[in-house]
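Trainee: I'll drop the sequence and a predicted model, then ask my questions.
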Amino acid sequence: MPATRLDGKKIASEIRSEVAADVETFVSGGNHPPQLAAVLVGEDPASQVYVRNKERACAKAGIASRLDRMPAATTQAELLAKVAELNSDPAVSGILVQLPLPSKANGGTGIDERAVLDAIDPIKDVDAFSPVNVGLLMQGRPRFLPCTPHGIVQLLHRTGIETSGKHVVVVGRSDIVGKPMAMMLAQKDSTCGPAVANATVTIAHSRTSNLTEICRQADILIAAVGRPEMITADMIQPGAVVIDVGINRVEDKLVGDVAFDEAEAVASAITPVPGGVGPLTIAMLLHNTLMAAKMQAAGK
């Protein structure tokens, strides 16, 4: 029997509707609408599409959006000055600098991405990349949660999949998904309650020597390694839940980090690509922007 397909697009729509209703209540209370400011450096086509999607999502949720376009030849000093300007603008609730920044091969000037992300005011860091916000997450008292991992927690909760007492294997160790995902699921509680926390978590990656054996131990397998269809059916415990975070373009189609067709025959539930985790990332970005606006309105 094929696995249940977990519809991230539907759940993201539910979350965005909830955010829109909450924004309406917030504004009707005499507050200015939340505003998300995006900074786009260069002309990367994928980044431009992603930013347009964010702008449309903001508009539907009643969140104002601002886009600052900067040329690929922007220097680090110029980009830091732009971040400082947004930090000091009281109308801006949240700031995101679209990654990746242009490489020198693509006309960039060799900007240190970490230095730029560190410069964003933690109270406006709606991507939750600031070391301050990462530290709070590590201690189990987060201000903001990273958008993709938080979207996965929401997906699991809203589809009735518990992680408490389960063995979760996260394949991937990025600062954006892998590390915070593991950290969140190992906590005693979550935004959706203790049932979507309290996991025993293993972090694996492309250089794990016995990766197939480790993956087959997982009750819930989260693939976030950035390699097309790297996770194959023989790496999945029969009946496991498979969450595919990857989005890779192979020739003329999008595929995940999981070989979907063969994995679907082994897993009990699986996220498709596209339409799985991807839509949840933007939904949680809207959620974080509203949270930031509320904190700033309260003077926190």
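Mentor: Perfect, I can see it now. Not measured: the values here are computed from a predicted model.
Trainee: So Arg249: helix, strand or coil?
Mentor: Look at Arg249: counting by DSSP: H, G, I helix; E, B strand; the rest coil, its state is strand.
Trainee: Find the nearest non-adjacent residue to it, please.
Mentor: Val255 (8.0 Å; CB to CB, 6 or more residues apart in numbering). Yep, even glycine has a C-beta here, placed from its N, CA and C like the rest.
Trainee: Make sure that neighbour is actually in contact with Ala263.
Mentor: No: counting by CB atoms under 8 Å, Val255 stays clear of Ala263, with 11.5 Å between them.
Trainee: Show me which of these two is the more surrounded one.
Mentor: In this view Val255 and Ala263 are compared by other CB atoms under 10 Å, and Ala263 has more residues nearby, 24 against 18.
Trainee: can you give me the helices in the stretch 101-250 of the chain?
Mentor: 113-119, 131-138, 147-158, 178-186, 211-215 (DSSP state H, counting those that start in this stretch).
Trainee: would JSON lines of these with mean pLDDT and distance to Ile270 be doable?
Mentor: JSON lines is the format used below for the helices of the stretch 101-250 of the chain (pLDDT from 0 to 100; distance: least, CB to CB, whole Å):
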{"stretch": "helix 113-119", "mean pLDDT": "96", "distance to Ile270": "32"}
{"stretch": "helix 131-138", "mean pLDDT": "96", "distance to Ile270": "27"}
{"stretch": "helix 147-158", "mean pLDDT": "98", "distance to Ile270": "12"}
{"stretch": "helix 178-186", "mean pLDDT": "98", "distance to Ile270": "17"}
{"stretch": "helix 211-215", "mean pLDDT": "98", "distance to Ile270": "14"}
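Trainee: Take those helices and lay them out in a markdown table including mean neighbour count.
Mentor: Below are those laid out as a markdown table (neighbours: other CB atoms under 10 Å):
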| stretch | mean neighbour count |
| --- | --- |
| helix 113-119 | 16 |
| helix 131-138 | 16 |
| helix 147-158 | 24 |
| helix 178-186 | 22 |
| helix 211-215 | 17 |
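Trainee: Out of those, flag the one nearest Ala292.
Mentor: In terms of CB to CB, the element of the helices of the stretch 101-250 of the chain nearest to Ala292 is helix 131-138, at 10.9 Å.
Trainee: Poorly predicted segments of this structure, please.
Mentor: Low-confidence segments of the chain (pLDDT under 70): none present.
Trainee: middle-most residue in it, spatially?
Mentor: Using CA atoms, centre = their mean, the residue of the chain that lies closest to the mean C-alpha position is Thr148, 2.1 Å off.
Trainee: Now do the SS call for the nearest residue to Ile120 once chain neighbours are set aside.
Mentor: Of all residues not flanking Ile120 in the chain, Ile95 sits nearest, at 5.1 Å (CB to CB, 6+ apart). Ile95 falls in the strand class when you classify it by three-state DSSP.
Trainee: and the helix or strand encompassing Lys60, what other elements does it pack with?
Mentor: Using DSSP states H and E, Lys60 sits in helix 45-61. Here helix 45-61 touches helix 8-28, strand 35-41, strand 64-70, helix 278-297, going by 3 or more CB pairs under 8 Å, 6 or more residues apart in numbering; DSSP states H and E.
Trainee: so what's Ile11 up against?
Mentor: Counting by CB atoms under 8 Å, 6 or more residues apart in numbering, Ile11 makes contact with 154-155, 158-159, 279-280, 283.
Trainee: mind running it again at 10 Å?
Mentor: 151, 154-155, 157-159, 276, 279-280, 283 (CB atoms under 10 Å, 6 or more residues apart in numbering).
Trainee: quick one: the residue nearest to the centre of the chain and Cys215, what's the gap?
Mentor: To Cys215, Thr148 is 20 Å away according to CB to CB, to the nearest Å.
Trainee: now His167
Mentor: From His167 over to Cys215 the distance is 11 Å, taken as CB to CB.
Trainee: buried residues in stretch 245-255?
Mentor: 245-247, 255 (16 or more other CB atoms under 10 Å).
Trainee: ok, Val51 to Leu86 distance?
Mentor: For Val51, the distance to Leu86 (CB to CB) stands at 15 Å.
Trainee: ugh, wrong one, Ala115
Mentor: Ala115 is 16 Å from Leu86, where distance means CB to CB.
Trainee: Do I have it right that Val277 meets Val242?
Mentor: No: look at Val277 against Val242 with CB atoms under 10 Å: they stay out of range, at 11.1 Å.
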